[in-house]
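Q: Please find the sequence and the predicted model below.
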Amino acid sequence: RTARVAVAALLVLVATAGPVHAEVPPPGTDVMRAAASVEIAVDGIGTGYVRLMGDVSIVRHPPDPGSPDTIPIEIVSLNLMGISPQFGRVEVSRDPGPVGIGSTLRMVGVESPSDSFFDVFFDIFLPDLGMTLKSGGPFRIQARTTAVPFFDVFTGMFSQRVPLLNEATGMPMGALTHVSLDPN
C-alpha cells in the first residue's frame, strides 16, 4: 500500500510538472560545432599554433532597408578548447564585452555566394599557466561563404598582429597572429 501511494504521488508530480523543453535559439541564430586554430605569442613563453574544438553561435540580423544585400551578422557565443605543448590547456572564447560584429554581402542577390567577415574580440585562457589574455583589438576573420549556416572556413586574409593584454594588469603580454574558424 505504501509503495502504491508513493508511485501515485510521483505520477501526480510528473503529470503536473509540464513538458521539458531544450532552449531553442531564436530565428536567424545558427548554433554549430566548430573547429579552429589560433597562433599566439606570449612574452617569455613562446609562440604556438593551437588546434581547438567547441561551438559557435552566429546571429543573422535583418538587412538594412537602405542596403538589402548586406546582412549584419554577429558571433554571440564562442567556446573552444585545445592543448598546446607550449601553453598546456588553451580555452578561447569571444570577449563578452565588445560585439563580434560583421556582415555578409550577397554577391548576386541571393544568399550564396557571399563575402562575409567578423571582427572578433577574443579571450584566451591558459589555465595551466594561470593566465587570462584579452585581445587589445578585434581580429578580422573573413570568407567567401557558399551556404548559410556557414560551411566555410573563416580566416584572416592578411597579416595581423593583435596585442594580447594580461587581464589582471592590462599590460601587453603578447599577440594573436592567426585565427581560423571552421563552423562545421
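A: Looks like it arrived, so ask away.

Q: In which helix or strand does residue 132 reside?
A: Element membership of residue 132, judged by DSSP states H and E, is strand 131-135.

Q: Check which helices and strands that strand sits against.
A: The contact analysis (3 or more C-beta pairs under 8 Å, 6 or more residues apart in numbering; DSSP states H and E) places strand 131-135 against strand 29-42, strand 122-126, strand 162-166, strand 172-182. Using the backbone N, CA and C atoms, a C-beta is placed for each residue, glycine as well.

Q: Can you lay out these as TSV showing mean pLDDT?
A: Shown next, in TSV, are the helices and strands packed on strand 131-135 (pLDDT from 0 to 100):
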stretch	mean pLDDT
strand 29-42	90
strand 122-126	95
strand 162-166	96
strand 172-182	91
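
Q: who wins for proximity to residue 141 among the ones you listed?
A: Residue 141 lies closest to strand 172-182 among these, at 5.4 Å (C-beta to C-beta).

Q: now the helices for this structure?
A: 2-17 (DSSP state H).

Q: rewinding a little: could you pull up the mean pLDDT of the strand holding residue 132?
A: Mean per-residue pLDDT for strand 131-135: 95.

Q: and the closest residue to residue 34 other than its chain neighbours, how many neighbours does it have?
A: Closest residue to residue 34 apart from its sequence neighbours, by C-beta to C-beta, 6 or more residues apart in numbering: residue 56 at 4.3 Å. Residues within reach of residue 56, counting by other C-beta atoms under 10 Å, total 26.

Q: beta partners of residue 56?
A: The partner list for residue 56 in beta bridges (DSSP bridges) reads residue 32, residue 78.

Q: In contact with it, which residues?
A: Taking C-beta atoms under 8 Å, 6 or more residues apart in numbering, we find residue 56 in contact with 31, 32, 34, 75, 77, 78, 79, 181, 183.

Q: hang on, the earlier thing: pairing partners for the strand holding residue 132, with directions?
A: strand 122-126 (antiparallel), strand 162-166 (antiparallel).

Q: on that earlier part again, let's have the helices and strands packed on strand 131-135 in CSV, adding distance to residue 134 and mean neighbour count.
A: Formatted as CSV, the helices and strands packed on strand 131-135 follow (distance: least, C-beta to C-beta, whole Å; neighbours: other C-beta atoms under 10 Å):
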stretch, distance to residue 134, mean neighbour count
strand 29-42, 12, 18
strand 122-126, 6, 20
strand 162-166, 5, 19
strand 172-182, 9, 20
